[in-house]
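Colleague: quick one: sequence plus predicted model below, questions after.
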Amino acid sequence: MRSVIFLSALFLSQAFVSYGQEYISLKETISIPSDSVFYLSLSRKKLTEVPSKVYSFKNLIGLDLSKNRLTKIPDSISSLLFLESLNLSKNKFEIFPNQIIQLKNLKTLKLGRNILGYIPKAIEYCPKLEYLDLYDNPISDFGEGLASLKTLKTVDLRGMMYNSKTQESIRKQLMGIHLLFDAPCNCID
């Protein structure tokens, strides 16, 4: 177990700051009561599925599953009622994992560096989402769901090749949301 030294305000809630522990393996949690695990990082574990043990941590606030080989999320994720931050960056998702919409307290969702082509309308059922990282995904369709999220403040769209016309179209579709883009490419629409 290691102490959390630097906390990103977008990634962790104030509640987690007061708990201050980050578990970086399931072995570390063996002697810990499952209701005392608030942040779990299983990054870089070569996971192809989420270990079922994760769902026993009912008080999880932050879950980092980045840099694995995940392609789907099971419905069991809905048991994590208090989850506010989920990092699924650098996995193998080709389709937006709709199971995420069951996480009603989710504020931060990181899906950067996957293979997502569209964002489903169902994302509108994440009523507390504030930050969405879609960095370096080949997204061509943002759907209607993002625009209806009242709490969404920032969407990271860097790492994507959009010309200025496409960027402007996305800005109009997602008005009122801070969008992070790279400089527009000189590519044809």
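Modeller: Perfect, thanks for sending it. Numbers count the residues shown, from 1 in each chain.
Colleague: show the pLDDT at the residue nearest to residue 185 when sequence neighbours are not counted.
Modeller: Among residues not flanking residue 185 along the chain, residue 161 sits closest, at 4.7 Å (CB to CB, 6 or more residues apart in numbering). C-beta coordinates here come from the backbone N, C-alpha and C atoms, glycine included. Listed pLDDT for residue 161 reads 92.
Colleague: same question, the one 10 residues further on
Modeller: Looking at residue 171, its pLDDT stands at 96.
Colleague: in this protein, what helix or strand scores lowest on average pLDDT?
Modeller: Least confident helix or strand, the chain: strand 2-3 with a mean of 40, by mean pLDDT, DSSP states H and E.
Colleague: who's the closest spatial neighbour of residue 45, skipping the chain neighbours?
Modeller: Counting by CB to CB, 6+ apart, the residue nearest residue 45 is residue 68, at 6.0 Å.
Colleague: what ranges in this structure fall below the confidence cut-off?
Modeller: 1-20, 189 (pLDDT under 70).
Colleague: closest to the centroid, which residue in it?
Modeller: For the chain, the residue nearest the mean C-alpha position is residue 109 (2.2 Å; CA atoms, centre = their mean).
Colleague: contacting residues around that one?
Modeller: 86, 88, 100, 126, 129, 131, 132, 133 (CB atoms under 8 Å, 6 or more residues apart in numbering).
Colleague: give the ChimeraX command for selecting the buried subset of these.
Modeller: Selection of buried members from the contacts of residue 109 for ChimeraX, criterion 16 or more other CB atoms under 10 Å:
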select :86,88,100,126,129,131,132,133
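Colleague: quick one: residues contacting residue 184.
Modeller: 162, 163, 164, 166, 167.
Colleague: what subset of those residues is buried?
Modeller: Those of the contacts of residue 184 that meet the buried threshold are 162, 166, 167, by 16+ other CB under 10 Å.
Colleague: just to revisit the earlier point, is it true that the residue nearest to residue 185 touches residue 186?
Modeller: No - judged on CB atoms under 8 Å, residue 161 makes no contact with residue 186 at a distance of 9.8 Å.
Colleague: looking at those two, which is more packed in?
Modeller: residue 161 (12 against 8; other CB atoms under 10 Å).
Colleague: where along the protein do the helices fall?
Modeller: Using DSSP state H, the helices of the chain run over residues 14-19, 164-173.
Colleague: chain center to the last one: distance?
Modeller: Read it as helix 164-173. 23 Å (CA atoms, centre = their mean, to the nearest Å).
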